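Participant: Give me a model of this one.
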Amino acid sequence: MIELATEAAREAGRYLKMNVGKIKHVERKLGQETNLVTEIDKRSEAIIITKIKQRYPHHDFLAEESGSHQKPSDFRWIIDPLDGTTNFTHGFQFFSVSIALEVQGEIVLGVVYDPTMDELYSAEKGKGATLNGRSIHVSDRSSLIDSLLVTGFPYDIRENPGNAVQHFVNFLMEAQAVRRLGSAALDLCYVAAGRLDGFWEGLLNPWDMAAGVLILEEAGGKYTDFRGFPSTIYQKQLLVSNGLIHEKMLEVLRRGLNATG
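Facilitator: I've put the predicted structure just below:
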């Protein structure tokens, strides 16, 4: 199944790379002025689902564009066919394909493919994480002032959900630097590979993080909600780190949470 997910991610990724700058139509998702979808997203999703269905026609799917297929199955594929659509529509080539497999409620494999860099991150439960076949591990930085962090902002940030801007400012004061790159799946993989040290975001969907969270955990990282409690991909809040700075990141997030009550 990991080989199938890899093949599907690479095929969809090749399609995305071939179509940078060739978008014909951009839609805004209902009620979300800045949440975009294109015909490229939809075609990439169709490529992935068609390929998996050829092998496993009775499996269930949860995908960003087509939603839940609601088939009675212990196997559910969770798919983001283009994570970073806004980047893609502007020709900013930081985007990815994310595919995970959930079996009876547990994520057992994940693949994230960056077609621009030709980097494929993958993991199977209990078997570690890899980048292009080589093992990866989180960083060993233990202080925030030495750490490079990353975040994402919700589409309804204008209404200030979760005090996202204040969290960003608080981390700017504590970390070496903070980035906002635009693909949560790649943000997770960059923490897994030790390129970044921590990542937080307050409003994510299962397809944004299913594959990346498994890759992160298999690379030795830690994953909780904003208050330090165990979390799942079906909760909106996400905090991940190399583990060494996790409590320090929680302290910063708690300040922002307390400010909002």
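
Participant: element containing the closest residue to A63 other than its chain neighbours, please.
Facilitator: Distances taken as Cβ to Cβ, 6 or more residues apart in numbering place I79 nearest to A63, at 4.2 Å, with adjacent residues excluded. Using the backbone N, CA and C atoms, a C-beta is placed for each residue, glycine as well. If you go by DSSP states H and E, I79 is part of strand 75-83.

Participant: and if you look at I99?
Facilitator: strand 96-103.

Participant: And the helix or strand following that strand, what does it pack against?
Facilitator: As assigned by DSSP H and E, the chain's next helix or strand after strand 96-103 is strand 106-114. Using 3 or more Cβ pairs under 8 Å, 6 or more residues apart in numbering; DSSP states H and E, the elements in contact with strand 106-114 are helix 2-18, strand 96-103, strand 119-124, helix 184-192, helix 206-218.

Participant: Export those as TSV, with columns for mean pLDDT, distance to D146 and mean neighbour count.
Facilitator: Shown next, in TSV, are those (pLDDT from 0 to 100; distance: least, Cβ to Cβ, whole Å; neighbours: other Cβ atoms under 10 Å):
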stretch	mean pLDDT	distance to D146	mean neighbour count
helix 2-18	97	33	19
strand 96-103	98	27	28
strand 119-124	98	24	24
helix 184-192	98	15	30
helix 206-218	98	20	28
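
Participant: Please convert those to a markdown table, extending it with distance to F153.
Facilitator: Listed next are those as a markdown table, based on distance: least, Cβ to Cβ, whole Å:
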| stretch | distance to F153 |
| --- | --- |
| helix 2-18 | 23 |
| strand 96-103 | 18 |
| strand 119-124 | 23 |
| helix 184-192 | 11 |
| helix 206-218 | 13 |
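
Participant: pLDDT on the strand holding I79, on average?
Facilitator: In this model, strand 75-83 has an average pLDDT of 97.

Participant: what's downstream of that strand, the next helix or strand?
Facilitator: helix 85-89.

Participant: Now that next one - C-alpha only, CSV.
Facilitator: Output of helix 85-89 as CSV, limited to C-alpha atoms (Å, rounded to 0.1, in the frame of the first residue of the first chain):
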residue,chain,number,x,y,z
THR,A,85,-3.5,26.1,-3.6
THR,A,86,-3.0,29.8,-3.0
ASN,A,87,0.8,29.4,-3.5
PHE,A,88,0.1,27.4,-6.7
THR,A,89,-2.3,30.0,-8.2
